[in-house]
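> Provided below for reference: sequence and predicted model.
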Amino acid sequence: MKSHLLSTGDLSRDDALLILDTAEELARVSQRSIKKLPTLRGRTVVNLFFEDSTRTRISFEAAAKRLSADVINFSAKGSSVSKGESLKDTALTLEAMGADAVVIRHSASGAPHRLANWVRGSVVNAGDGTHEHPTQALLDAFSIRRRLGRLDGLKISIVGDVLHSRVARSNVLLLHTLGAEVTLVAPPTLLPVAVESWPCQVSYDLDAVLPKSDVVMMLRVQLERMNAAYFPSAREYSRRYGLDRDRFARLHDDAIVMHPGPMNRGMEISAEVADSPRSTIVEQVGNGVTVRMAVLYLLLGGSEPAIGGAE
Amino acid sequence: MSDAQNQARAVLEGPDIHRALTRIAHEILERTRGAESVVLLGIPTRGATLAHRIAGRIAQFEGIKVPVGAIDITMYRDDLRLRPARPLGRTELPPDGVDGRTVVLVDDVLFSGRTVRAALDALNDVGRPRAVQLATLVDRGHRELPIRADYVGKNLPTSKSEKVKVFLQETDGRDAVVLIKGDDR
């Protein structure tokens, strides 16, 4: 029996709500002076990061440590990977060290799925290529629910570089499961090929979508993944798809603005909007630790995982 | 209710529970000099409900508002690895916390004592009470740890294979303590 968190598409509505409810209780723990819980004492969590990431790795590390798990950080730079070791051999090495869970970030879409076949412990996808980033979607859903009190029936717009965004895919799948209506807004060049098959609507016109949105999630323009010209210029992109003061003013009063970070201030989001009280960008980071604690607890805390279903 | 199955017997009915809680409230008042610096902390879910009821009684008798809260012990259990991960209960501490106070832990059934041990560990992480006492609606025996209750609603001799189930109006729609004859295990 084993279970992993590889895709938000694997989560049933009950699974997703269990994670959010667990995180809600754990959020209270992070307000007290002793933030540590003894729950995962004696368990080992390996952070296997083949791609640079500061906030996600630190967030997972903090989450595991607050649950008293032992944490081993492994980054590809300066490791045996740079000497040409394959993912499988790295996985088997970690397995031999007795990892109960492997948190993996990899530039290749699907790497966590492969890993899941090679190790006995639980695999948590911390972002694979342009595919998925489930814990980010969970923390986004958690942040929305904390601010607006619900997810069911909300109109959520995800704006920007959907093509390169694992956050967008994970969010569309999860938010749809949780009953929200998701609209993707992007220039045609930044939408993936099979987007019609996703459980969401698609629009090219941000100004038409904004007034109807309860939540606007801005995506980072991933210049480092762009090997072709997807839009004429940064200024042009910003003018059509950036969230600036004027567009912000057209949102209804209760609407919130999100961004998974790191932001390109002035590109997809203006500094003024990012720092406004209706932006959840800073609390998303704090919520990230809480949600990852919930995921680790539900995967490792019992005799068998409580989410994701049995294999 | 689903306890209509094999030989379920109500050992306490609504009025019995009412009287037991009234007595516990009086005993707490007596032994803590009028509930001075007492905090009632229930163990979710039914212990928390009972804590509120006891606080209600104390308010009724002496007009004192005793701080009430709940302390979830799930993350501190020693049997976590024997079952799939459980959903968490709610921890709600009174605004002034527990430091320097007499905490009365409230649970519905005292059995092995492991829940109470977990509660003591959990309490340790939220503050340093001056003293900790334990109130339970039913003490069914079979302790596995050196733990005893200070206030007991009813001592209920049971065999280890039996189950004791507490129903409360707030969560279950009625008040009763039911003894279910065990055939499994």
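Yep, it's here. Numbering: from 1, shown residues only, chains lettered A, B, ... in the order given.
> list the contacts of stretch B:142-157.
Outside of stretch B:142-157, the residues within contact range by C-beta atoms under 8 Å, 6 or more residues apart in numbering or on different chains are B:11-12, B:16-17, B:20-21, B:23-24, B:27-28, B:31, B:104, B:110-114, B:116-117, B:133-141, B:158, B:160, B:164, B:177, B:179. C-betas here are computed from N, CA, C, even on glycine.
> swap in 7 Å and give it another go.
Under the criterion C-beta atoms under 7 Å, 6 or more residues apart in numbering or on different chains, residues B:11-12, B:20-21, B:24, B:27-28, B:110-114, B:116-117, B:133-141, B:160, B:164 lie in contact with stretch B:142-157.
> which of these count as buried?
With burial judged by 16 or more other C-beta atoms under 10 Å in any protein chain shown, the buried subset of the contacts of stretch B:142-157 is B:12, B:20-21, B:24, B:28, B:110-114, B:116-117, B:133-140, B:164.
> the stretch 101-250 of chain A: helices as residue ranges?
A:111-118, A:134-148, A:166-177, A:206-209, A:234-241, A:245-249 (DSSP state H, counting those that start in this stretch).
> for the residue nearest the centre of chain B, grab phi and psi.
With distances taken as C-alpha atoms, centre = their mean, residue B:107 lies nearest the centre of chain B, 0.9 Å away. Residue B:107 has phi and psi values of phi -130, psi 160 when expressed as degrees, to the nearest 10.
> let me know the pLDDT of it.
Predicted confidence (pLDDT) for residue B:107: 97.
> specify the beta-bridge partners of it.
Beta-bridge pairing of residue B:107 under DSSP bridges involves residue B:136.
> the residue nearest to residue A:198 when sequence neighbours are not counted and residue A:138, how far apart?
Excluding its sequence neighbours, the residue lying closest to residue A:198 (C-beta to C-beta, 6 or more residues apart in numbering or on different chains) is residue A:172, at 5.3 Å. Remark: distance between residue A:172 and residue A:138 (C-beta to C-beta, to the nearest Å) = 13 Å.
> shared neighbours, these two?
Shared contacts of residue A:172 and residue A:138 (C-beta under 7 Å, 6+ apart): none.
> run through the stretch 151-300 of chain A and note the low-pLDDT ranges.
Within the stretch 151-300 of chain A, the ranges that satisfy pLDDT under 70 run A:227-228.
> near chain B, which residues of it show up?
Within reach of chain B by C-beta under 7 Å from any C-beta of the partner chain, the stretch 151-300 of chain A has these residues: A:297-298.
> residue of the stretch 151-300 of chain A closest to chain B, please.
Residue nearest to chain B within the stretch 151-300 of chain A: residue A:298 (4.9 Å; C-beta to the nearest C-beta).
> and that residue, how far from residue B:85?
As for residue A:298, its distance to residue B:85 is 5 Å (criterion: C-beta to C-beta).
> what does residue A:96 give?
Residue A:96 sits 26 Å away from residue B:85 when distances are taken as C-beta to C-beta.
> which one's more surrounded, these two?
Higher neighbour count among residue A:96 and residue B:85: residue B:85, with 25 against 8, using other C-beta atoms under 10 Å in any protein chain shown.
> thinking the more buried one is in contact with residue A:302, fair?
Yes. Judged on C-beta atoms under 7 Å, residue B:85 makes contact with residue A:302 at a distance of 3.6 Å.
> any idea how far the residue of chain B found nearest chain A lies from residue B:75?
Residue nearest to chain A within chain B: residue B:85 (3.6 Å; C-beta to the nearest C-beta). For residue B:85, the distance to residue B:75 (C-beta to C-beta) stands at 10 Å.
> now the strands for the stretch 201-311 of chain A?
Along the stretch 201-311 of chain A, counting by DSSP state E, counting those that start in this stretch, strands occupy A:201-203, A:215-218, A:256-258.
> winner for burial among those?
When the strands of the stretch 201-311 of chain A are scored by mean count of other C-beta atoms under 10 Å in any protein chain shown, the highest mean neighbour count falls to strand A:215-218 (a mean of 27).
> so what does that strand touch, helix or strand wise?
Packed against strand A:215-218, as judged by 3 or more C-beta pairs under 7 Å, 6 or more residues apart in numbering or on different chains; DSSP states H and E, are the following elements: strand A:155-159, strand A:256-258.
> can you tell which of those is closest to residue B:126?
Of all these, strand A:256-258 sits nearest to residue B:126, with 31.6 Å by C-beta to C-beta.
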